[in-house]
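Participant: kindly return the folded structure for what I paste below:
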Amino acid sequence: MFKRLANLWKGFLSLWISDIEKEHPEIAYENAINSMVAKYSKLKTATAGIIRRREDLDERYKRATTELAQTEAELETAVNTDQDDLAVILIQKKNQLAADVTELKNEMEQARTDADSAKNSLLGVQSEIRKLQSERDSMLAKMQSAQARIKVQEQLDGLSVDAEVKALDNVRQHIKTTIAEANLGKELSESSLDARLAALRNQTGDVQAKQELAALKAKKAAQQAQTNKTM
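Facilitator: Numbering: from 1, shown residues only. Here you go, the predicted structure:
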């Protein structure tokens, strides 16, 4: 029972918050943007760690490669001077260094791939933040414009409509519905009887003009035929 009551309370709280967000869509957008910014900050820190590891591996790889080259040169000198005991030690060192270089190279390549992937993800989140900010500005401007147009229409029609609208499923749907309401008056006027009669009148004028043009062309053709017959 307590669980059901808790779920019921959460449901009421969610509806209440949803109503507030729909009446104040800037809040919903701001919360979404702040959430994306927080995600971007965490991803940026993680990406910095990946890049730092890539740089560390790159530095270790360069040191190991340099030491391997030096060991190979020392081994060649030891062989040329018949210092077999040193040559054996240097061969073991060279083999170990060669294995280390190979392993470091593989790790470095993987680190570069991870860093590139992390940077792409970071750029993707950054792009999403900018798109969301742009959408917020555009949608809020449309919302304000639509509300102003509805207010004017209500005053002209003598209507008395409560300024507050019931909360819809989400903020974006609410804004789109408001814009549709604002355009309703224009669509109704375009489909009115006067508008249809005006369109019919224009079509009639076009038909008469085309008939007159056809008559003029026929007359001209008859005159031309008569002239040719006389000649």
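Participant: can you spell out which helices and strands pack onto whichever helix or strand Ala115 is part of?
Facilitator: Ala115 is part of helix 84-157 when elements are defined by DSSP states H and E. If you count contacts as 3 or more C-beta pairs under 8 Å, 6 or more residues apart in numbering; DSSP states H and E, helix 84-157 packs onto helix 25-80, helix 171-190. For the C-beta atoms, the positions are set from N, CA and C on the backbone; glycine is no exception.
Participant: which among those helices is found nearest to Glu135?
Facilitator: helix 25-80 (7.6 Å; C-beta to C-beta).
Participant: angle of that closest one against helix 84-157?
Facilitator: With axes from the mean of the first three to the mean of the last three C-alpha atoms, to 10 degrees as the basis, helix 25-80 and helix 84-157 are set at 170 degrees to each other.
Participant: shaky segments in this protein?
Facilitator: The chain contains residues with pLDDT under 70 at 1-23, 158-171, 184-200, 230-231.
Participant: okay, now the domains of it?
Facilitator: Domain ranges of the chain: 16-190, 193-221, per automatic domain parsing.
Participant: reformat those domains as TSV; add mean neighbour count and distance to Lys229.
Facilitator: Putting those into TSV (neighbours: other C-beta atoms under 10 Å; distance: least, C-beta to C-beta, whole Å) gives the following:
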stretch	mean neighbour count	distance to Lys229
domain 16-190	14	54
domain 193-221	10	13
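Participant: now render these as a markdown table, adding distance to Thr227.
Facilitator: Below are the domains of the chain laid out as a markdown table (distance: least, C-beta to C-beta, whole Å):
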| stretch | distance to Thr227 |
| --- | --- |
| domain 16-190 | 51 |
| domain 193-221 | 11 |
